[in-house]
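*Asks:* sequence and predicted structure below; questions after.
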Amino acid sequence: MALKTGRGAEAPPFLVMDVIAAANARAAALPPGAPGILRMEVGQPGSPAPRGATEAAIRALQAGAPLGYTEALGNPSLRARIARHYREHYGLEAPPARIAVTVGASGAFPLAFLAAFDRGDRVAMAAPFYPPYANILTALGMEPVLLECGPETRFQPTVAMLDALDPRPEGLVVASPCNPAGTMLAPEELAAIARWCHANGVRLISDEIYHGLSWGSVAESSAAAFSESAIVVNSFSKYWCMTGWRIGWLLLPEDLLRPVERLAQNLFISAPHVAQVAAEAAMDCTEELEAKKAAYARSRALLLEGLPRAGFPRIAAADGAFYLWCDVGHLTADSLDFCARMLEGAGIAATPGVDFDRARGRRFLRFSYCGEEAAMAEAPARLAAWLGRN
């Protein structure tokens, strides 16, 4: 007799993880001396955690500290350091009591969704979007509501789009800079959205994990500056280069502090203690981290110059993060197949747009440029040769 499976078993895959597996297999099959695979599929910095972070972790281990469970919301010293970051970076007073340290941003989203919403609640987000937003909501019995956004709104939602929703959703997820397009909401745009949400009883969740990585004239701003009811998600994975340490945080409104704490106690107990020690030290490694950021900026500039000549002229405004969202409709009607052929023929791994936009993604793909700078510099020539544009 077949056994029942739960609703969560129906969650769609996060396709970039399949691309990673395919790129790993392709790299393993290459003969000795063959050109390697250029890894442009995943949003994982190619450089390690800052030296001060790893040294702090080593000291903690060598000291023989227990490194056991911390408080469910995190080490008080790390929460205080994050609060200081809000004061120094945004001029925003964020009490340490409102900060919850989480198992990465990936652990933060289920806590936020479960605390803020019920089964059946509708949560809006711009499309294209980071796939786990919708996949986690679906697994939890909530309903993603996709707002199709294009270059005319910089792939970001607008208040006019929100006003047109009938019925109103219970929640809205925004990301600035966003994944995959790399575009940002100007401070006045984020403020208008945050105030609309608060006035209409819509819980705003602001994904700010790419803060620190902005390139254009659009200033970074936090939704917490504009709404007392907003939830802010951040992470040490991107600017701080600590993906594998699995450490992030939530900046919570007062009414969700205890609900999130109770959920964290039961679902995760606490974020890894040693990762919290390292993360606190990482926040004081600004010089090293800014050097890494400068390398991303150089890679971005090389690709924005080289990709159009290689056959990829339609690129979203790359305000922040470390992605280029390319319209490849002139090259293919199936980005999944195109990326598979590009891996095979050019040795370049990129992510098909169907991962981020279910309706229009077959004409888009995402290049990540946070890998090795030399690999990013090599990519346009490889692509041009593969497409016969040399």
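*Replies:* Happy to help now that I have it. None of the values given here were measured: they were computed from a predicted structure.
*Asks:* how much space separates residue 69 from residue 257?
*Replies:* From residue 69 across to residue 257, the span is 19 Å (Cβ to Cβ, to the nearest Å). Placement of C-beta: from N, CA and C, glycine included.
*Asks:* out of the two, which sits in the more crowded spot?
*Replies:* The neighbour count for residue 69 versus residue 257, taken as other Cβ atoms under 10 Å, is higher for residue 257 (17 against 12).
*Asks:* residues contacting the more buried one?
*Replies:* Residues near residue 257 by Cβ atoms under 8 Å, 6 or more residues apart in numbering: 97, 98, 100.
*Asks:* I figured the second one hits residue 255, correct?
*Replies:* No - the criterion here is Cβ atoms under 8 Å, and residue 98 misses it with residue 255 at 10.9 Å.
*Asks:* so between the two, which is more surrounded?
*Replies:* When residue 98 and residue 255 are compared for neighbours, residue 98 comes out ahead with 20 against 11, by other Cβ under 10 Å.
*Asks:* so who does residue 376 touch?
*Replies:* Taking Cβ under 8 Å, 6+ apart as the test, what residue 376 contacts is 38, 40, 299, 302, 303, 369.
*Asks:* likewise residue 370?
*Replies:* Neighbouring residues of residue 370 by Cβ under 8 Å, 6+ apart: 43, 44, 45, 46, 296, 299, 322.
*Asks:* ok, these vs residue 130, which is closest?
*Replies:* Nearest to residue 130 out of the contacts of residue 370 is residue 43 (Cβ to Cβ; 9.3 Å).
*Asks:* and that closest one, how close does it get to residue 324?
*Replies:* Here residue 43 is placed at a distance of 12 Å from residue 324 (Cβ to Cβ).
*Asks:* if we can go back for a sec, neighbour-wise, which one of the contacts of residue 370 leads?
*Replies:* Neighbour max across those (other Cβ under 10 Å) = residue 322, 28 neighbours.
*Asks:* please name the nearest non-neighbouring residue to that residue.
*Replies:* Leaving aside its sequence neighbours, residue 322 sits nearest to residue 370 (Cβ to Cβ, 6 or more residues apart in numbering; 4.0 Å).
*Asks:* so what pLDDT did the one you found get?
*Replies:* As predicted, residue 370 sits at a pLDDT of 96.
*Asks:* how far away is it from residue 179?
*Replies:* 12 Å.
*Asks:* cool, residue 389 as well?
*Replies:* 28 Å.
*Asks:* with residue 65 instead?
*Replies:* From residue 65 to residue 179 the distance is 36 Å (Cβ to Cβ).
*Asks:* what does residue 300 give?
*Replies:* For residue 300, the distance to residue 179 - Cβ to Cβ - is 15 Å.
*Asks:* quick one: residue 262 is in a strand?
*Replies:* No - counting by DSSP: H, G, I helix; E, B strand; the rest coil, residue 262 is not found in a strand; it is helix.
*Asks:* residue contacts, it?
*Replies:* Contacts of residue 262 (Cβ under 8 Å, 6+ apart): none.
*Asks:* where does it land on pLDDT?
*Replies:* At residue 262, pLDDT is 98.
*Asks:* buried ones in the longest helix anywhere in the chain?
*Replies:* Ordering each helix of the chain by length in residues (DSSP state H) puts helix 286-310 first. Buried residues in helix 286-310, defined by neighbour count with 16 or more other Cβ atoms under 10 Å: 288-289, 292-293, 295-296, 299-300, 302-303, 306-307, 310.
*Asks:* chain neighbours aside, what residue packs nearest to residue 115?
*Replies:* residue 259 (4.2 Å).
*Asks:* within the helices and strands, which one has that neighbour?
*Replies:* Following DSSP states H and E, one finds residue 259 within helix 257-267.
*Asks:* same question, residue 205
*Replies:* Here residue 205 is assigned to strand 203-207, by DSSP H and E.
*Asks:* tell me the buried residues in that strand?
*Replies:* Quick answer for strand 203-207 (16+ other Cβ under 10 Å): 203, 204, 205, 206, 207.
*Asks:* for it, what is the average pLDDT?
*Replies:* For strand 203-207, the mean pLDDT works out to 98.
*Asks:* give me the contacts around it.
*Replies:* Residues from elsewhere that reach strand 203-207, judged by Cβ under 8 Å, 6+ apart: 105, 109, 112-113, 116-117, 123, 130, 133, 170-176, 178, 190, 193-194, 197-198, 222-224, 227, 229-233.
*Asks:* residue 371 in helix, strand or coil?
*Replies:* Here residue 371 is coil, with the state taken from three-state DSSP.
*Asks:* ok, and the closest non-adjacent residue to it?
*Replies:* Residue 371 sits nearest to residue 46 (Cβ to Cβ, 6+ apart), 4.1 Å away.
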